[in-house]
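S.K.: just need the structure, nothing else, for what follows:
(chains A and B)
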Amino acid sequence: MPSPPAPASPSDPADIDGPALARALLAAERALEREREALNAINVFPVPDGDTGTNMALTMRAACDAIRGSGDTAAATVASAAARAALMGARGNSGVILSQILTGFAAFEDPGAPLDGPALAAGLERGRAAAYHVISQPREGTILTAITGAAQSAAGTAGGPVEVLAAAARAAQEATDRTPELLPVLKEAGVVDAGAQGLAIILDAMVRSLRGEEAAGARGYGAIDEAWLAATRAVHDAGDRSGFCTEFVVTAGALEPDAVRARLSSMGDSVLVVAGDGALRVHLHTATPQKAFAYGRTLGAVSNEKAEDMEAQFQALASRGGPGAGAGLAIVAVAAGAGMEALFRSLGAAAIVHGGQTMNPSAGDIRDAIAGAGGGETIVLPNNKNIVLAAEQAARDLGARVHVVASRSIPQGVAAMIAFNPEAGAQDNAAAMAAAIASVGTGEVTLAARATKIHGIDVRRGQPIALIDGDLALAADTIAGAARECAGRMLRGRSGAMVTLYYGQGETGEDAEALAERLRKEFRCEAEVVDGGQPHYPYLIGVE
Amino acid sequence: MAVFIVTDSTSDIPRDLVDQYGITVVPLSVTFGDESFRDGVDLGADEFYARLQAAKHLPTTSQPPPALFQHAYQHLVSRGEVVSIHLSHKFSGTVETARAAARDVAPDKITVVDSGFVSAPLGMCVLAAARAAQTGATRTACAAVAESVAGRLKLLVTFETLEYLRRGGRIGRASAFVGGLLKLKPILTVKDGEAHPVARVRSRQKALDELLALALSSERLAEVAVMHSTTPQEADDLAARVRESRPGVPLHVGRFGPALGVHGGPGMLGLAVLESE
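M.R.: Residues are numbered from 1 along each chain as shown, chains lettered A, B, ... in the order given. Next comes the predicted model:
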């Protein structure tokens, strides 16, 4: 555990001005960036999820992009600029909650008043309330526990703002250390909650920055397997496709737009490079957006990356009768894997947001897709429990004409799509889709990210495992064995069920069909095989 | 003055009812390659579906030649007046041909009605008009009865295979709905002469359950028809479920003729429901 920051120092300022707050937030961004892999490694579920650190770091980066070089402005101005940007760039559950904390913090009653101790405590309390507000079923043992501890401790601390923040940071760390007592899955896995730890890191880094202290060194929070995490990332980074509308922003010192333009022209077409405000905004059409992003990173800090499949957008437009025809209801679905994306499109989705487990799209990504889908009203299918909040965030940004049907898995999303009727209204469709979701069970076969023991089941790192409706159900020696047993448990005691096997990257249609045939014979069910091509999950199984 | 009822063969009215009410049925023609048949006259349903499943190219249905209407009308107006009720003009030119023949023969004695439907719902319009005619209703009143029934009808259809819908290419706005990479069982309805999407499910059993639920969602049912193309047992089972759920509501089991059969293929199953006034 890190050593807490030093207690009150006589040199602490009476209030935090804008530049100091900006420096503190930037320090928090650097600290999260440094710790992101360590945070990723302590996700509790033994799936290659590992993205809490990434989501928080990217959300904080989005917030800080808005305040870099903000100059001599008021603290309230800095806070609200950071909060607005965080709302746009929030990724994953932890990122959305972080963006809410920042938003609550920034909602000063009197933006002209100095940010002193009481004002800072009040800001943390507003942040706490905003975080709880966004979660329909709050759970303790998470980042919520950490912000509660921070806000309560701040409220009970008299003194200057740095002293108050230091108390909050200590309390956040203490609350984080308590999370295993509150969430049994954490205790079993022997880790603290990653989101709570992320918040503690942010507050600690801010205090150190305000006091002019050295940043805390990198540290670990539990079992880490960097090689595994790197490998899982490589799987989804390798997914080159043709025809992506690619955009990003590079922030760095000296940038030569002409040289950048020339280099990007060798990678694709429609190259636009615009300089301004110490940053370059870049647009190009390329088959390999990752290469473009990589090049961008050789220039400086890259942000606001976006890569959209133009062919998919074109098809979506064509299926609705061409550009301008889309005044009706559009469906935006989150999916990963060529087969999955094609499946959702074939069922009537107007736009696909690339993403899923370990690559949670931001609320901004979802918002962009909703805008691109061009519907008069839009229904969003997040298709992953970790993307529901980002989708709801995007819906809140856009108002009443966007509805989220909270699909928490791909099979749920497919069931919702099947229930979609283009001739019915948004409310009727949302109700029918939500009902369809409730009728489908989800099995997920994957490889354990780390050795652990959950619900009394011992799991080796890399061992095939299966989750049923989000809970670890079994471990097996082979992927096929895990898939068979998972489907079997979901089907046992049911008659006339319909099973869908979505096989992922690395699996074959022959193996999937053999499994389907076995299930048909053993359980007298109907079974259908779909080439999903999804990463990380050799099999996804839907039973309805 | 006596009112006679005329319709076309796409009304799929069972032979015994045709005879009972003295309805004149003008046949459309069905053409497989070089061979042409008169629907229901020299081509029965069994043979039609057997040929359909063996055919390399889909057969075509064509409206009756004008002369058939002229002969029928001339024969009938010598004894009374005529109400001629047909399938939707969006499916076939039949109703236009009938109107032209009526103008030629006796415009002041013949009323032509576009039911907006095909198959059992069209048949229900025709039978309602025929019953009215038997009780001595005027030509105008019989036509009004047919139009009133047409306004209270719902036809829901599900399919075992989508192959025929796709090959026929005549499913209008439902085409995107029945596409897709999964083997879906869509339920379509016919509204204003066009097929529209209603629901899609993953299995035959669910499709039948959904079909029944949708058809029986109304509290005020006056009549129900269960229609099939090649699965009489399924149709009987579905009819038994209707009877159990709505005892006392008049119920028929019938068979889709070529007009819908060519687009739905084997395994097509439908429910036509008429709401009371």
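
S.K.: ok, residue B:238 - contacts?
M.R.: Contact partners of residue B:238, counting by Cβ atoms under 8 Å, 6 or more residues apart in numbering or on different chains, are B:208, B:211-212, B:226, B:269, B:271. For the C-beta atoms, the positions are set from N, CA and C on the backbone; glycine is no exception.

S.K.: which one (most neighbours) among the residues you listed?
M.R.: residue B:226 (28 neighbours; other Cβ atoms under 10 Å in any protein chain shown).

S.K.: say whether chain B is contacted by stretch A:507-515.
M.R.: No. Against chain B, stretch A:507-515 shows no contacts by Cβ under 8 Å from any Cβ of the partner chain, the least distance being 13.0 Å.

S.K.: quick check: mean pLDDT of that stretch?
M.R.: Computed over stretch A:507-515, the mean pLDDT rounds to 95.

S.K.: now do the contacts for the closest residue to chain B within the stretch 401-544 of chain A.
M.R.: The stretch 401-544 of chain A approaches chain B most closely through residue A:498 (4.4 Å), counting by Cβ to the nearest Cβ. Contact analysis of residue A:498 by Cβ under 8 Å, 6+ apart lists A:525-528, A:543-544, B:202-203, B:206.

S.K.: what do you get for residue A:463?
M.R.: Going by Cβ under 8 Å, 6+ apart, residue A:463 touches A:447-448, A:475-477.

S.K.: run the last query once more with 6 Å
M.R.: Contact analysis of residue A:463 by Cβ atoms under 6 Å, 6 or more residues apart in numbering or on different chains lists A:448, A:475.

S.K.: likewise the one 4 residues further on?
M.R.: Contacts for residue A:467 were tallied using Cβ under 6 Å, 6+ apart; they are residue A:444.

S.K.: which element is it on?
M.R.: Following DSSP states H and E, one finds residue A:467 within strand A:464-468.

S.K.: after that strand, heading C-terminal, what element do we hit next?
M.R.: Where DSSP H and E defines the elements, the next helix or strand beyond strand A:464-468 is strand A:471-475.

S.K.: which elements pack onto that next one?
M.R.: The helices and strands touching strand A:471-475, judged by 3 or more Cβ pairs under 6 Å, 6 or more residues apart in numbering or on different chains; DSSP states H and E, are strand A:464-468.

S.K.: so what's the gap between the strand it packs on and the chain middle?
M.R.: How far strand A:464-468 lies from its chain's middle: 22 Å, per Cα atoms, centre = their mean, to the nearest Å.

S.K.: swap in stretch B:114-128?
M.R.: Counting by Cα atoms, centre = their mean, stretch B:114-128 is centred 6 Å from the centre of its parent chain.

S.K.: which residues are contacting it?
M.R.: Contacting residues not belonging to stretch B:114-128 are listed as B:7, B:10-13, B:85, B:87-89, B:91, B:95, B:145-146, B:149-150, B:153, B:155, B:192-193, B:225, B:227, B:254, B:256, B:259-260, B:272, B:274 [Cβ under 6 Å, 6+ apart].

S.K.: please apply the same query to stretch A:513-532.
M.R.: Under Cβ under 6 Å, 6+ apart, the answer for stretch A:513-532 is A:337, A:339-340, A:483, A:487, A:491, A:497-502, A:504, A:512, B:183, B:203.

S.K.: restricted to helices, list those residues.
M.R.: Among these, DSSP state H puts A:339-340, A:483, A:487, A:491, A:512 in helices.

S.K.: and chain A, which residues reach chain B?
M.R.: Residues of chain A lying close to chain B by Cβ under 6 Å from any Cβ of the partner chain are A:319, A:343, A:346-347, A:418, A:421, A:423, A:496, A:498, A:526, A:528.

S.K.: which two among those are spaced furthest apart?
M.R.: In the residues of chain A next to chain B, the most distant members under the criterion Cβ to Cβ are A:319 and A:496, with 32.6 Å between them.

S.K.: those two: who's more crowded?
M.R.: residue A:319 (18 against 12).

S.K.: for the stretch 351-500 of chain A, just list every one of the strands.
M.R.: A:351-354, A:377-381, A:402-404, A:441-447, A:452-454, A:457-459, A:464-468, A:471-475, A:498-503 (DSSP state E, counting those that start in this stretch).

S.K.: least confident secondary structure element in the chain?
M.R.: Using chain A here. helix A:226-237 (a mean of 34; mean pLDDT, DSSP states H and E).

S.K.: not what I meant, chain B
M.R.: Sorting the helices and strands of chain B by mean pLDDT, DSSP H and E puts helix B:175-178 at the bottom, at a mean of 66.

S.K.: just checking, what packs against the next helix-or-strand element following that helix?
M.R.: Next helix or strand after helix B:175-178 toward the C-terminus (DSSP H and E): strand B:185-191. Strand B:185-191 is packed against strand B:153-158, strand B:194-201, helix B:204-215, with contacts defined by 3+ Cβ pairs under 6 Å, 6+ apart.
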